[in-house]
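Chemist: With the sequence up front, the predicted model follows.
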Amino acid sequence: MTESMPKWIERLANRLAHLPRTKKRALMLMADTIGIPLVLWLSITLRLGTIHHHVSGTEWIYVAALLTSMPVFVRMGLYRAVIRYLGPRAVFTVATGVTTSVLLLSLLTSVWPQRAVPLGALMIYWAFALIYVGGTRFIVRGLLNFRWSNGTQRVVIYGAGSAGVQLATGLGRSARYHPVAFIDDNATLHGSTINGLEVFSLQSLPNLMRDEGVAAVFLALPSQSRRRRQEILKALE
């Protein structure tokens with residue numbers, strides 16, 4: 001199965017992929033500088049049920065939202081992470097960073113003489129910030145991965161160990177191959193996600209070929225004997 005994307009999305013993905021890492025970080029910082037105050041404003045609006053909630057002297061709350069979030073995100077490494085290789089661990093990092101920033105903002109508003117944000121709005125802000133911070137990064141990740149998968153050979157990796165993860169990372173940088181899944185003999189790994197790729201059994205390979213357009217299988221089994229690798233090759237044939 002061959003996937004395609006609209007040309008304008010492909011051009012955007014290509015442009016993003018070839019930006020220097022410093023510019024990618026600058027774009028993330030700029031997006032959060034605009035997005036975080038907007039998310040807080042939407043949260044207050046939803047809590048109060050009106051867009052007319054501005055009170056003179058409360059503008060500081062939007063600056064405070066930035067000061068309690070972006071330094072935390074920097075400390076958590078959200079601007080150092082390579083977006084295209086974000087894995088499941090990034091979900092925990094995003095959740096920890098957002099929760100910490102909201103707690104800091106709550107503490108600041110509780111001691112400030114003039115309450116600018118209802119407590120309920122901060123709970124909504126926490127939920128919206130999780131969606132915004134995590135969603136923007138994983139949308140870009142999906143866009144970049146889709147860019148690399150478009151026109152490349154889709155493959156699966158046999159072996160979900162450390163060698164398989166390293167191979168998946170290496171292939172992810174290639175414009176020729178796009179890993180879509182792992183295959184592993186360990187039944188306890190089936191259905192789990194490693195480095196952003198789901199682990200399947202060997203019996204699932206025909207479905208992967210049909211549904212995902214898989215054209216090749218790469219072996220990542222350095223600890224297996226030559227005889228075992230030959231058995232696996234025969235099974236694949």
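Modeler: Alright, I've got the coordinates.
Chemist: Quick one: low-confidence residue ranges for the chain.
Modeler: Flagging of the chain using pLDDT under 70 yields the residue ranges 1-11, 13-19, 21, 55-57, 80-88, 113-116, 143-151, 174-175.
Chemist: all strands for it, in order.
Modeler: With DSSP state E as the criterion, the chain has strands at 153-158, 177-183, 193-194, 197-200, 216-219.
Chemist: how about the ones you listed in a markdown table, adding mean neighbour count and distance to residue 54?
Modeler: Any C-beta I mention is one placed from the backbone N, CA and C, and that applies to glycine too. A markdown table is the format used below for the strands of the chain (neighbours: other C-beta atoms under 10 Å; distance: least, C-beta to C-beta, whole Å):
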| stretch | mean neighbour count | distance to residue 54 |
| --- | --- | --- |
| strand 153-158 | 22 | 51 |
| strand 177-183 | 23 | 48 |
| strand 193-194 | 16 | 44 |
| strand 197-200 | 19 | 47 |
| strand 216-219 | 16 | 57 |
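Chemist: Determine which of those strands approaches residue 36 most closely.
Modeler: strand 193-194 (28.4 Å; C-beta to C-beta).
Chemist: Can you tell me the strand partners of the closest one and which way each runs?
Modeler: strand 197-200 (antiparallel) (DSSP bridges).
Chemist: thinking again about what came up before, can I get the strands of the chain in a markdown table with distance to residue 125?
Modeler: Listed next are those as a markdown table, based on distance: least, C-beta to C-beta, whole Å:
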| stretch | distance to residue 125 |
| --- | --- |
| strand 153-158 | 40 |
| strand 177-183 | 36 |
| strand 193-194 | 29 |
| strand 197-200 | 33 |
| strand 216-219 | 45 |
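Chemist: nearest to residue 98, of those strands?
Modeler: Nearest to residue 98, of the strands of the chain and by C-beta to C-beta, is strand 193-194 at 21.3 Å.
Chemist: Pull the distance from the closest one to the chain's centre.
Modeler: 13 Å (C-alpha atoms, centre = their mean, to the nearest Å).
Chemist: Tell me how far the residue nearest the centre of the chain lies from residue 26.
Modeler: The chain has residue 138 as the residue nearest its centroid, 3.2 Å off, counting by C-alpha atoms, centre = their mean. Residue 138 sits 20 Å away from residue 26, going by C-beta to C-beta, to the nearest Å.
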